[in-house]
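Novice: Have a look at this fold, sequence not included:
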């Protein structure tokens, strides 16, 4: 049975619920633009933002490290012991060296 309490959120019109939810979102994220330098009020980066450059660089380094690890390499770029990639590349190099002579 539906609750007849007017304060019950289930009984409120949808547009009123959206308005209340938006107020909560604004309060939790803060409407003070100065609290997030380098970002627009909608959360996107401002043009030429140093924060965007910094975070993009960090993301690139992390992605590169994950790719290296996935390829059978250590973070310094050397091959891990027993690396399948090292075996494949060594084999290709050997064949290429013999083809030239």
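Specialist: Perfect, thanks for sending it. Because the structure is predicted, anything quoted here is derived from the model rather than measured. Residues are numbered from 1 along each chain as shown.
Novice: how many neighbours does residue 79 have?
Specialist: Per other C-beta atoms under 10 Å, the neighbour tally for residue 79 reads 16. Using the backbone N, CA and C atoms, a C-beta is placed for each residue, glycine as well.
Novice: should've said residue 87
Specialist: Here the number of neighbours of residue 87 (other C-beta under 10 Å) works out to 12.
Novice: wait, what's in contact with it?
Specialist: Residues near residue 87 by C-beta atoms under 8 Å, 6 or more residues apart in numbering: none.
Novice: How far does the host helix or strand of it sit from its chain's centre?
Specialist: Per DSSP states H and E: residue 87 is located in helix 84-100. Its chain's C-alpha centre and that of helix 84-100 lie 36 Å apart, by C-alpha atoms, centre = their mean, to the nearest Å.
Novice: Check stretch 37-46 too.
Specialist: Distance, centroid of stretch 37-46 to centroid of chain: 16 Å (C-alpha atoms, centre = their mean).
Novice: Between the two ends of that stretch, how far is it?
Specialist: 9 Å (C-alpha to C-alpha, to the nearest Å).
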